[in-house]
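Undergrad: no sequence for this one, just the structure:
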Ligand SMILES: Nc1ncnc2c1ncn2[C@@H]1O[C@H](COP(=O)(O)OP(=O)(O)OP(=O)(O)O)[C@@H](O)[C@H]1O
Ligand SMILES: [Mg+2]
């Protein structure tokens, strides 16, 4: 599905819609957030984490690689792979232990193998001063979610 996102608020609204389509518990879900610098990946992640019930700040995981959120609806792991150069390095960050929650992954192209186990692939692109979102289902449940929010 494709969505025109006129402004930051539209990106935030779209993130809340995607969150609403996720099942309670969030376990085992992986959402890939693609887009060049400034495309809105963190805006989307922050809005989704807030929609899930987190009220504080949502710091960038650029340096920590993973920022975990233990929320009433389930766990969310905000992951940034910008500094990761191979799927091997994912092991050091304990990737497989993050499967009890939702993994929101910025710069997933650093480890292309992730697409095989992911549910949703979001691509954010510049369109003038606005953005366009393309959301693709990579798993059966991911495709079902897209049909529900379409
Ligand atoms: N739909 C939109 N239209 C216009 N501006 C937007 C939109 N969505 C987000 N922005 C703005 O784009 C800027 C960059 O957003 P953000 O930091 O989320 O990008 P990013 O993809 O995480 O960038 P980086 O790769 O540098 O981490 C912010 O100022 C944000 O307000
Ligand atoms: Mg960012």
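TA: All right, it came through fine. In this text the structure is predicted, and so the values were computed from the model without any measurement. Numbers count the residues shown, from 1 in each chain. Ligands and ions are numbered 1, 2, ... in the order given.

Undergrad: tell me the contacts of the residue lying closest to residue 84 once chain neighbours are set aside?
TA: Excluding its sequence neighbours, the residue lying closest to residue 84 (Cβ to Cβ, 6 or more residues apart in numbering) is residue 110, at 4.6 Å. For the C-beta atoms, the positions are set from N, CA and C on the backbone; glycine is no exception. Each residue near residue 110 by Cβ atoms under 8 Å, 6 or more residues apart in numbering is listed here: 81-82, 84-86.

Undergrad: tabulate those (TSV), appending pLDDT, secondary structure and neighbour count.
TA: Output for the contacts of residue 110, formatted as TSV (pLDDT from 0 to 100; DSSP: H, G, I helix; E, B strand; the rest coil; neighbours: other Cβ atoms under 10 Å):
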residue	pLDDT	secondary structure	neighbour count
81	94	coil	23
82	93	coil	14
84	89	coil	19
85	85	coil	10
86	82	coil	11
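
Undergrad: which two among the residues you listed are spaced furthest apart?
TA: By the measure Cβ to Cβ, 82 and 86 form the most distant pair in the contacts of residue 110, at 13.4 Å.
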